[in-house]
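Colleague: quick one, what's the 3D model for this:
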Amino acid sequence: MPQTLLDVVKGYPGLKKSSSLANLTLGQHLHFQELEQRIVQLVQGKTLHWRHHEMAVGMLLSMIMYDYTPTQDITSLWLQLLLDDQRNIRCMAYQALEGIMKLEKVPSNKVPLSEMIGPVADEDPGLPGAQDKNDYLQYRDMEPDELEQYWSKPFSVKSHMGYWGYPVGERVRMTHSPEDFNTKPDSVRSLISQFFLDESLVTRFVELNSLEHEKGLDFFSMDRGLFLCFLFENIGPRLAQVFQPHIEKLVGSPEESQQRAAAEMVYGVVRGLRFWDYKSAQQAWCWLLPVFQQVLNSVTLETQQDWDYCFSGASNKADPNRLRPMLELLVTPENLVSQGAFKESSYLLFVTNCLSQNWKVRELYIRTYNILRSHWDHPYNNVRHHIANTLATLLAMDIPLRGANRQDWNVGKGFPTKKMFIDEVIPMLNLHYHNPEFSKDETPVSGTTTPLIKEDTPNTSSEDVSMTTDTEDEETKKSNRILETVSLWIQTQIRVSSATISTEMFRILPYLCQFIGTETDQDVSQSCLQALCYLSVVILSDHAIQPMLDMCKKIAQSHSYKTKMSLLEYIQVSVFTNFPKVVINSHYREQVQSLVLNMLQDENLSVRQKASKVLGGLLHSGFIE
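Modeller: Numbering: from 1, shown residues only. Sure thing, here's the model as predicted:
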């Protein structure tokens, strides 16, 4: 086979990279090209049955690969299919054009990492987390002139960069200038730009994109979102002007499908403007901010999830300083005042997902925590649940590192801590029963002494007569709501974090144990029970076992038999969850044994019965020799 003929075939317009396709034989190339052209002819001929037509489009989609760029004719076909009446065809066109734009994207302006951070020393990266050496990556207040200067400097959208160290040979990005979006007349990107800068075609595209497919099952599509993201990223600010009136119209619509379409488009705009120049980005934010404000004011149960995807996706893999207008709009105290339960919970949901696992926004973590401080006892149950979820996100960065040369190191330096939160809420909680171990240390909400409820008397009844008060004063209700928020936070914190629990959380145990099984507030009682369950099944670190046992010994001094019953349940599960660590230490074994044996001598029959069962389990497992 003549080599010159093979070179001609390899020069086919679609083959532009050295790849697996470029290494095929002449016959394989000819077959690939012939198959592609024949499928294109069949699709364009419109003579196929609709099922066969859909199958042919799917085959054409499978022929788009990372090392092969389709020609203008094929790209033109995909643009036509984007306006097809069949939804499945349009979905395949989204995927195809997303792939084509990845292959034909605007070349990135990249510079060496040293231009952003200075010379990079090839040494041990040290310790992870927020610290002085990566403080320049943090979100911070800037004046407009300062922000404009910042915008012109190199930046990175990779969330891991700088957290522990820097990859060797890494390059960082510069923003695109308006000239970077200019295209050659005969290029694939020019063809796509011409299509989407045509207002009549975009109107039809938006109309089809905002149609409702199936009631209740028409959700935010990441395929469409990423497709729009690549559009705005590669066509540039001109495209935002075309989509602006459509987005503003759809956001004001009460229709669920139109709100979903607006969320996808806004997601695309925000993701795309990360790489625009300062002037173009600020012009886009001028009309995006009223859009976001309208979303916060008019979000509904049906559209909440769509906008949640929009907010969380837009803030992912981004330099937070380039999303300043959106983040400043979200993190404001006014959104938690007199907005109604649903709007306030929606606001908290958006904030939580925007800040989640983002170590570069320490200032916003602190600001959000300060906003929540006056709402621990929020009157709406749904909002309290979302406050607990948000709080778990805010305190997730509080991770101490242990080991050699890490005695006092915390990954979340400067972030809100669990100790800070617990120190703040403990004085707001009430102990309803006398306990000599806590009465000197803990204070009630009002700052005055809480009248002691009558002590339990020895009885065999399952009813705790000391908790049957008919009325509750306002301070008690406030304390109970705060306890519910704390209980919900404990559950979420343990569920979402892979780090071991902080020993500070054991300080909440007395309040959880006393509230389980009460009839005065079932919601709080259930929350306390679930929190106690979570605390009992966590794997404790070596340094946490002794603080846990110390706290259990203090709780055992309570005059409430229900508190003691709850404590025995906790001890039973926690000891067996951490059985190897506890049983190997004779000092720990003696403390557990002594605690259970003391409970066997309690004046209440129910406590003695429960202690006997726990003791039986310890004997049966060989815990007690």
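Colleague: how about the strands in the chain?
Modeller: 109-112, 171-174, 400-401, 409-410 (DSSP state E).
Colleague: what's the closest of those strands to residue 77?
Modeller: strand 109-112 (31.8 Å; CB to CB). For every residue, glycine as well, the C-beta is placed using N, CA and C.
Colleague: list the neighbouring strands of the closest one plus their orientation.
Modeller: strand 171-174 (antiparallel) (DSSP bridges).
Colleague: who touches the partner strand?
Modeller: 108-113, 115-116, 154-157, 275 (CB atoms under 8 Å, 6 or more residues apart in numbering).
Colleague: tell me the one among these nearest to residue 252.
Modeller: residue 275 (28.8 Å).
Colleague: give me the residue ranges of the stretch 151-300 of the chain where confidence is low.
Modeller: The model of the stretch 151-300 of the chain has pLDDT under 70 over residues 216.
Colleague: quick one, helices of it?
Modeller: 188-196, 199-209, 222-235, 237-251, 256-272, 278-298 (DSSP state H, counting those that start in this stretch).
Colleague: any buried residues in the third one, and which?
Modeller: Read it as helix 222-235. 224-235 (16 or more other CB atoms under 10 Å).
Colleague: what's the angle from it to helix 188-196?
Modeller: Between the axes of helix 222-235 and helix 188-196, defined by axes from the mean of the first three to the mean of the last three CA atoms, to 10 degrees, the angle is 110 degrees.
Colleague: ends of stretch 486-506, what's the gap?
Modeller: 12 Å (CA to CA, to the nearest Å).
Colleague: report the distance from it to the chain centre.
Modeller: 17 Å (CA atoms, centre = their mean, to the nearest Å).
Colleague: stretch 365-379 too?
Modeller: 19 Å.
Colleague: end-to-end on that stretch?
Modeller: Terminal-residue distance, stretch 365-379 (CA to CA): 23 Å.
Colleague: ok, stretch 271-279 next?
Modeller: 16 Å.
Colleague: could you pull out the buried residues of that stretch?
Modeller: 271-278.
Colleague: out of those, which is nearest to residue 360?
Modeller: residue 274 (13.8 Å).
Colleague: and that closest one, what does it touch?
Modeller: So residue 274 contacts 157, 233, 318-319, 322-323 (CB under 8 Å, 6+ apart).
Colleague: just the buried ones from these?
Modeller: 233, 318-319, 322-323.
Colleague: now, which of these sits nearest residue 102?
Modeller: For those, the nearest to residue 102 is residue 233 (10.1 Å; CB to CB).
Colleague: show me what contacts that closest one?
Modeller: Neighbours of residue 233 in contact, by CB under 8 Å, 6+ apart: 105-106, 271-272, 274-275.
Colleague: redo these as TSV? Include distance to residue 259.
Modeller: As requested, the contacts of residue 233 are exported to TSV (distance: CB to CB, whole Å):
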residue	distance to residue 259
105	29
106	30
271	19
272	20
274	24
275	27
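Colleague: what is the nearest of those residues to residue 64?
Modeller: Nearest member of the contacts of residue 233 to residue 64, counting by CB to CB, is residue 105, at 14.5 Å.
Colleague: and the closest one, how far from residue 275?
Modeller: Residue 105 sits 10 Å away from residue 275, going by CB to CB, to the nearest Å.
Colleague: residue 596 now?
Modeller: 64 Å.
Colleague: swap in residue 199?
Modeller: Distance from residue 199 to residue 275, by CB to CB: 24 Å.
Colleague: show me what the longest helix belonging to the chain is packed up against.
Modeller: The residue-count maximum for a helix in the chain (DSSP state H) belongs to helix 474-496. Applying 3 or more CB pairs under 8 Å, 6 or more residues apart in numbering; DSSP states H and E, we find helix 474-496 packed against helix 381-394, helix 418-425, helix 509-515, helix 522-536.
Colleague: and it, which residues are buried?
Modeller: 476-494.
Colleague: before we move on, the earlier item: can you say which of the strands of the chain is nearest to residue 537?
Modeller: Here strand 400-401 is closest among the strands of the chain (CB to CB), at 21.6 Å.
Colleague: and the pLDDT for the closest residue in space to residue 499 that isn't next to it in sequence?
Modeller: Leaving out its chain neighbours, the residue that sits closest to residue 499 by CB to CB, 6 or more residues apart in numbering is residue 399, at 4.7 Å. On the pLDDT scale, residue 399 is placed at 87.
Colleague: same question for residue 47.
Modeller: 84.
Colleague: what's the local residue count around it?
Modeller: If you count neighbours by other CB atoms under 10 Å, residue 47 ends up with 10.
Colleague: state the distance from it to residue 389.
Modeller: Taking CB to CB as the measure, residue 47 falls 55 Å from residue 389.
Colleague: cool, and residue 76?
Modeller: Distance from residue 76 to residue 389, by CB to CB: 48 Å.
Colleague: ok, these two, which is more surrounded?
Modeller: Legend: neighbour count by other CB under 10 Å for residue 76 and residue 389, higher for residue 389 (23 against 17).
Colleague: test my guess that that one contacts residue 492.
Modeller: Yes: look at residue 389 against residue 492 with CB atoms under 8 Å: they come within range, at 5.3 Å.
Colleague: name the nearest residue to residue 336, sequence neighbours excluded.
Modeller: Residue 336 sits nearest to residue 344 (CB to CB, 6+ apart), 5.5 Å away.
Colleague: residues in contact with residue 253?
Modeller: Applying CB under 8 Å, 6+ apart to residue 253 gives the contacts 259, 262.
Colleague: gap between it and residue 302?
Modeller: Using CB to CB, we find residue 253 at a distance of 12 Å from residue 302.
Colleague: which neighbours do the two share?
Modeller: residue 259.
Colleague: residues near the residue nearest to residue 499, how many?
Modeller: For residue 399, the count of nearby residues is 18 (other CB under 10 Å).
Colleague: ramachandran coordinates for it?
Modeller: phi -130, psi 100 (degrees, to the nearest 10).
Colleague: could I get the phi/psi values of residue 84?
Modeller: Dihedral pair for residue 84: phi -70, psi 150, per degrees, to the nearest 10.
Colleague: correct me, but it touches residue 94?
Modeller: No: taking CB under 8 Å as the definition, residue 84 is not a contact partner of residue 94, at 11.2 Å.
Colleague: okay, the two: which has more neighbours?
Modeller: residue 94 (20 against 17).
Colleague: and the gap between the more buried one and residue 336?
Modeller: 37 Å.
Colleague: re earlier: of the contacts of strand 171-174, closest to residue 372?
Modeller: Closest to residue 372, out of all of the contacts of strand 171-174 and judged by CB to CB, is residue 157, at 28.4 Å.
Colleague: wait, the closest one touches residue 320, no?
Modeller: No: counting by CB under 8 Å, residue 157 does not reach residue 320; the two are 10.1 Å apart.
Colleague: nothing else from me, thank you.
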